[in-house]
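Novice: just coords:
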């Protein structure tokens with residue numbers, strides 16, 4: 001077992017290939033007729049934040065909120081990160097008035113060479129009954145530098161501080177691959193106006 005671990009670590013160092021693997025995903029079979037119409041307003045919580053570092057948790061929640069608001073028809077109203085593992089699988093604390101679902105992210109993050117290995121377990125929980133709507137697991141390794149992401153990295157460093165810099169690119173690439181498997185809800189006219197006002 002020890003030899004296998006060492007070999008795995010060496011491979012990890014050699015192969016920061018930039019490939020995200022979505023290992024599994026599931027969606028409620030009644031999504032199209034139920035949650036697509038009812039679970040639109042979300043809160044994002046990263047819990048527990050990885051390596052005991054809140055700034056990494058804050059980064060993950062912020063990336064997820066902004067990406068969903070820009071690329072899916074969700075109205076993500078809040079984002080936070082918390083240090084301990086969730087004790088309430090229904091996330092009642094996040095299910096405040098006006099929030100219909102909670103996107104829970106449970107990341108693991110490890111610096112490797114000039115990049116990071118990142119993995120995530122993600123779940124969308126609906127607030128009215130604590131049931132899972134969607135879930136996915138993914139992992140991958142990337143370098144921290146990527147010319148295509150210079151401006152994006154600067155944005156998050158400006159907002160959250162210099163410590164997030166090596167984690168921005170790997171975290172962003174993994175979260176995009178993971179959240180890309182999440183379908184969009186259907187908005188009515190009032191929802192669409194609200195989304196425009198959200199302005200993200």
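Specialist: Nice, thanks for sending it over. For clarity, every value in this text was computed on a predicted model and none was experimentally measured.

Novice: the helices in this structure, which residues?
Specialist: With DSSP state H as the criterion, the chain has helices at 2-14, 35-38, 54-71, 150-160, 165-179, 189-198.

Novice: pull out the buried positions in the shortest one.
Specialist: What it means is helix 35-38. Using 16 or more other C-beta atoms under 10 Å as the test for burial, helix 35-38 gives 35, 36, 38. The way it works is simple: take the backbone N, C-alpha and C, and place the C-beta from them, glycine included.

Novice: closest to residue 49 out of these?
Specialist: Closest approach between the buried residues of helix 35-38 and residue 49, by C-beta to C-beta: residue 35, at 27.2 Å.

Novice: can you tell me the closest non-neighbouring residue to that closest one?
Specialist: residue 133 (4.7 Å; C-beta to C-beta, 6 or more residues apart in numbering).

Novice: can you name the residues that contact that neighbour?
Specialist: 27, 28, 31, 35, 39, 101, 124, 125, 126 (C-beta atoms under 8 Å, 6 or more residues apart in numbering).

Novice: the closest residue to the first one other than its chain neighbours and residue 72: what is the separation?
Specialist: In this case it means residue 27. Distances taken as C-beta to C-beta, 6+ apart place residue 134 nearest to residue 27, at 5.0 Å, with adjacent residues excluded. Residue 134 sits 11 Å away from residue 72, going by C-beta to C-beta, to the nearest Å.

Novice: neighbour-wise, which of these two wins?
Specialist: residue 134 (22 against 17; other C-beta atoms under 10 Å).

Novice: now stretch 49-59: how far from the chain's centre is it?
Specialist: Stretch 49-59 has its C-alpha centroid displaced from the chain centroid by 12 Å (C-alpha atoms, centre = their mean, to the nearest Å).

Novice: same check on stretch 127-142?
Specialist: 9 Å.

Novice: any buried residues in it, and which?
Specialist: For stretch 127-142, the neighbour count (16+ other C-beta under 10 Å) marks 127, 133, 134, 135, 136, 137, 138, 139, 140, 141, 142 as buried.

Novice: for the record, mean pLDDT for it?
Specialist: Regarding stretch 127-142, the rounded mean pLDDT is 96.
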